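Peer 1: quick one: sequence plus predicted model below, questions after.
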Amino acid sequence: MSIILTESTILEELKKTGTLAELLDPEYFAEPGQVAERLAEKYVKSGELKPTQLRKIFHALKEKERSLKGKNDEEGLDPGTKAELRLFIPELAYACGRKLIPKDFYELMTLCLSSSKLQRVGDLRILMRFLEAVLAYHKYHEKIKGGR
């Protein structure tokens, strides 16, 4: 990855050919000032993504990740898990339609959950690390920095 990810470039970077594990490197999203924190700060300031909704999404996906415990990152996702992950996209669309999550977050998650990005166990694990970072920074900006 040649550029630093920002809230305005992450979608373009993730549209490139490759899986999440190939395109999302914790070095480019996890540290302070990187894209996970910038997204979280933006959502806290705008009030568009409530912590309850973010946690709901996180926990639903975390349950899928837990079911893969003991599997190697390089193992392919089984068809049942792939189907369950794809079926999560309409739930996100519903939340977006009800204005419970912002459209750009819906687009980001839809891209991350696409069949071209989630192919192996490691892809789901990196998605979870990314969401963990967003959730942690969201809490930080909401409570420590005083949010809005």
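Peer 2: Yes, it's here. Numbers count the residues shown, from 1 in each chain.

Peer 1: any regions of this structure where pLDDT drops low?
Peer 2: 1-4, 145-148 (pLDDT under 70).

Peer 1: which ones are touching the residue minimising distance to the centre of the chain?
Peer 2: For the chain, residue 131 is the residue whose C-alpha lies nearest the centre (C-alpha atoms, centre = their mean; 4.3 Å). Each residue near residue 131 by C-beta atoms under 8 Å, 6 or more residues apart in numbering is listed here: 57-58, 61. C-beta coordinates here come from the backbone N, C-alpha and C atoms, glycine included.

Peer 1: at 10 Å what do you get?
Peer 2: 36, 54-55, 57-59, 61-62, 65, 109, 112 (C-beta atoms under 10 Å, 6 or more residues apart in numbering).

Peer 1: check the gap between it and residue 17 for me.
Peer 2: According to C-beta to C-beta, to the nearest Å, residue 131 and residue 17 sit 23 Å apart.

Peer 1: and residue 40, by the same measure?
Peer 2: In terms of C-beta to C-beta, residue 40 sits 28 Å off from residue 17.

Peer 1: what's downstream of the helix or strand containing residue 11, the next helix or strand?
Peer 2: Per DSSP states H and E, residue 11 falls inside helix 10-14. Later in the chain than helix 10-14, the nearest helix or strand by DSSP H and E is helix 20-23.

Peer 1: what's that following helix in contact with?
Peer 2: So helix 20-23 is contacted by 1, 5, 10, 13-17, 73-74, 111-114, 116-127, 129-130 (C-beta under 10 Å, 6+ apart).

Peer 1: make a ChimeraX selection of whichever of those residues turn out to be buried.
Peer 2: To isolate the buried members of these in ChimeraX, using 16 or more other C-beta atoms under 10 Å:
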select :5,10,13,14,111,112,113,114,117,118,119,120,121,122,123,124,125,126,127,129,130
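
Peer 1: what's the offset of the helix holding residue 11 from the middle of its chain?
Peer 2: 12 Å (C-alpha atoms, centre = their mean, to the nearest Å).

Peer 1: sorry, back to before: sec struct for the residue nearest to the centre of the chain, please.
Peer 2: Here residue 131 takes the helix state, with states given by DSSP: H, G, I helix; E, B strand; the rest coil.
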